[in-house]
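**Q** for reference, the sequence and a predicted model appear below.
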Amino acid sequence: MTLPPDVGLASRAIRTGHHRTLEGEHAEPIFATSSFVFRSAAEAAARFAGDEPGNIYGRFTNPTVQVFEQRLAALEGGESCLATASGMSAILTLCLGLLQAGDRVLASRSLFGSTTQLFDNYLSRFGIHTDYVTLTDLTAWAAAIRPTTRLLFVETPSNPLMQLADIRALANIAHAHDSLLVVDNCFCTPVLQQPLNLGADLVIHSATKYLDGQGRALGGAIVGPATIVQGRLLPAMRTAGPCMSPFNAWIFLKGLETLPLRMRAHSAAATELAHWLAQQSAVEQVNYPGLPGHPQYALAQTQQVLPGGIVSFVVRGGRAAAWRMIDQTRMISITANLGDVKTTITHPASTTHGRWTDEQRAAAGIAEGLIRVAVGLEDIADIQADLAMD
Ligand SMILES: *Cc1c(COP(=O)(O)O)cnc(C)c1O
């Protein structure tokens, strides 16, 4: 089925990519097959030579995975998408395909922990160095670029402080220096923010989070121009092998169908929770881009469609008070995962940022009383009841 070019986001999320087989199935089929059969020796030769399109082997392409790829590309407004086994393997595939010894990465200091470890502990062993700057400091980004800087890497909003990077400004800085801007769009998803339309070159996803939306499977993706995604990244993935399983692709493409609906609901619930938290006497500070007091409220209004589903806040009384609030919850799940219909709560200073030194945490603003909540889709009154302190 070919969609008219101007259909809306929700229609793309539900309809893009599925080409019905002769069986006339309504839901997308799972192609559980590791290899594909050729009609003749000549066809096999043509496929292997790249003279003829078509499937060869499951590590290269799979029709169910391709439906997911086409659907996510259509949502992000990108030409091409490559699905991977996890969010981290998307970032690894990006680096394998685009970097070589002597190249540098310029990244925000506020990155997902495993991304920082990949850059510092593994890429470094292959002669690729990463420089870090403060997410919101555009002058620092521009000053830190070197002639060998190939990639600028950023997450916005950041975890767990919900600070924003100005994507358009960073894209201009990257392009003035012949670098590419990569945005990890995990927190917003294309429903709330479309980095490619703001000038970014590539978008990274952990499909494990909101794209699935119900905490069932690990997956990832890279979206961007076909010259990069098909030309540079697909060959790296075909060779190295971190491909997405067709079963997981099916879960994610079912997740995409309800993504616009869910993201609006997550954001509405988080907005309500953020306003409520700001009125609680136990709460010292609330970090949420949808609150007018957020330092980048104006940027959030233009760069994002809605503020998103994640709220962090500082409770009075430091770690003891934060742990007490977490331990008194009855419904909310104590886990560092996010992007689930189930609300989750975490204490960054003792979990995701637990291995940092006190000085590093203080410099980054990770207070002992800081709590992060990824707001799910339960009744908001029950989420509030769980977080109420006497
Ligand atoms: C979870 C996450 C990742 C890594 O994704 P996995 O699917 O767990 O490998 C990368 N970036 C961000 C922002 C994440 O939240």
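**A** The structure has been received and is ready for your questions. Computed from a prediction, not measured in an experiment: that's the story for all the values here.
**Q** got a list of contacts for stretch 47-62?
**A** For stretch 47-62, the surrounding residues in contact (CB atoms under 8 Å, 6 or more residues apart in numbering) are 31, 33-36, 38, 43, 46, 63, 234, 237-238, 241, 243-244, 246, 249. Every C-beta, even on glycine, is put in place using the N, C-alpha and C of the backbone.
**Q** can I get that stretch in PDB, CA atoms only?
**A** Extracted C-alpha coordinates of stretch 47-62, given in PDB (Å, rounded to 0.1, in the frame of the first residue of the first chain):
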ATOM      1  CA  ARG A  47      21.700 -10.200  -5.400                       C
ATOM      2  CA  PHE A  48      25.200 -10.900  -4.000                       C
ATOM      3  CA  ALA A  49      26.700  -8.500  -6.500                       C
ATOM      4  CA  GLY A  50      24.300  -5.800  -5.500                       C
ATOM      5  CA  ASP A  51      22.900  -5.500  -9.000                       C
ATOM      6  CA  GLU A  52      19.400  -6.500  -7.900                       C
ATOM      7  CA  PRO A  53      17.600  -5.500  -4.700                       C
ATOM      8  CA  GLY A  54      16.200  -8.200  -2.400                       C
ATOM      9  CA  ASN A  55      16.800 -10.200   0.700                       C
ATOM     10  CA  ILE A  56      19.900 -12.400   1.100                       C
ATOM     11  CA  TYR A  57      20.400 -13.100   4.800                       C
ATOM     12  CA  GLY A  58      18.800 -12.000   8.000                       C
ATOM     13  CA  ARG A  59      21.800 -10.200   9.300                       C
ATOM     14  CA  PHE A  60      21.500  -7.800   6.200                       C
ATOM     15  CA  THR A  61      17.700  -7.300   5.800                       C
ATOM     16  CA  ASN A  62      14.400  -8.800   7.000                       C
END
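**Q** mind listing which of the contacts of stretch 47-62 are in helices?
**A** 43, 46, 63, 234, 237-238, 246, 249 (DSSP state H).
**Q** that older thread, just the buried ones from the contacts of stretch 47-62, in PyMOL syntax?
**A** Burial among these is assessed by 16 or more other CB atoms under 10 Å; the matching PyMOL selection reads:
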select buried, resi 31+36+38+63+234+237+243+244+246+249
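**Q** the contacts of stretch 47-62 also near the ligand: which ones?
**A** For the ligand, no contacts are drawn from these by CB under 6 Å from any ligand atom.
**Q** any figure for the gap between the closest residue to the ligand within the stretch 151-300 of the chain and residue 2?
**A** Closest residue of the stretch 151-300 of the chain to the ligand, CB to the nearest ligand atom: residue 206 (3.0 Å). Counting by CB to CB, to the nearest Å, the gap from residue 206 to residue 2 is 30 Å.
**Q** who has more neighbours, the two?
**A** A count of neighbours by other CB atoms under 10 Å puts residue 206 above the other of residue 206 and residue 2, at 28 against 7.
**Q** with adjacent residues omitted, what lies nearest to that one?
**A** Spatial nearest neighbour of residue 206, excluding adjacent residues (CB to CB, 6 or more residues apart in numbering): residue 87 at 2.6 Å.
**Q** and what of residue 365?
**A** Using CB to CB, 6+ apart and skipping the chain neighbours, the partner closest in space to residue 365 is residue 161 (5.7 Å).
**Q** and that neighbour, how many neighbours?
**A** Neighbours of residue 161 (other CB under 10 Å): 18.
**Q** quick check: the residue in the stretch 1-150 of the chain that the ligand sits nearest to vs residue 282, distance?
**A** Residue of the stretch 1-150 of the chain nearest the ligand, by CB to the nearest ligand atom: residue 87 (2.2 Å). In this view, residue 87 and residue 282 are 34 Å apart by CB to CB.
**Q** show me the contacts for residue 362.
**A** Residue 362 neighbours (CB under 8 Å, 6+ apart): none.
**Q** quick one: residue 169 is in a helix?
**A** Yes. The assignment for residue 169 by DSSP: H, G, I helix; E, B strand; the rest coil puts it in a helix.
**Q** could you list every residue that touches the nearest residue to it once chain neighbours are set aside?
**A** Distances taken as CB to CB, 6+ apart place residue 138 nearest to residue 169, at 5.4 Å, with adjacent residues excluded. Residues near residue 138 by CB under 8 Å, 6+ apart: 166, 169-170, 173.
**Q** tell me the domain boundaries of this protein?
**A** Taking automatic domain parsing as the reference, the chain has its domains at 9-257, 259-387.
**Q** redo these as TSV? Include mean pLDDT.
**A** Output for the domains of the chain, formatted as TSV (pLDDT from 0 to 100):
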stretch	mean pLDDT
domain 9-257	97
domain 259-387	97
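**Q** who's residue 130 bridged to?
**A** Residues in a beta bridge with residue 130, per DSSP bridges, are residue 105.
**Q** tell me who's in contact with residue 135.
**A** Counting by CB under 8 Å, 6+ apart, residue 135 has contacts 108-110, 154, 156, 158, 163-165.
**Q** pick out the residue of the stretch 251-390 of the chain closest to the ligand.
**A** residue 338 (6.4 Å).
**Q** that residue contacts residue 310, correct?
**A** Yes. Assessed by CB atoms under 8 Å, residue 338 is found in contact with residue 310 at 6.3 Å.
**Q** overlap of the contact sets of the two?
**A** Common neighbours of residue 338 and residue 310 (CB under 8 Å, 6+ apart) are 187, 374.
**Q** near the ligand, which residues of this protein?
**A** Contacts of the chain with the ligand, taken as CB under 6 Å from any ligand atom, map to 86-88, 112, 114-115, 155, 159, 184, 186, 206, 208-209, 218, 220.
**Q** among those, which ones are buried?
**A** 86-88, 112, 115, 155, 159, 184, 186, 206, 208-209, 218, 220.
**Q** many thanks, I have nothing further to ask.
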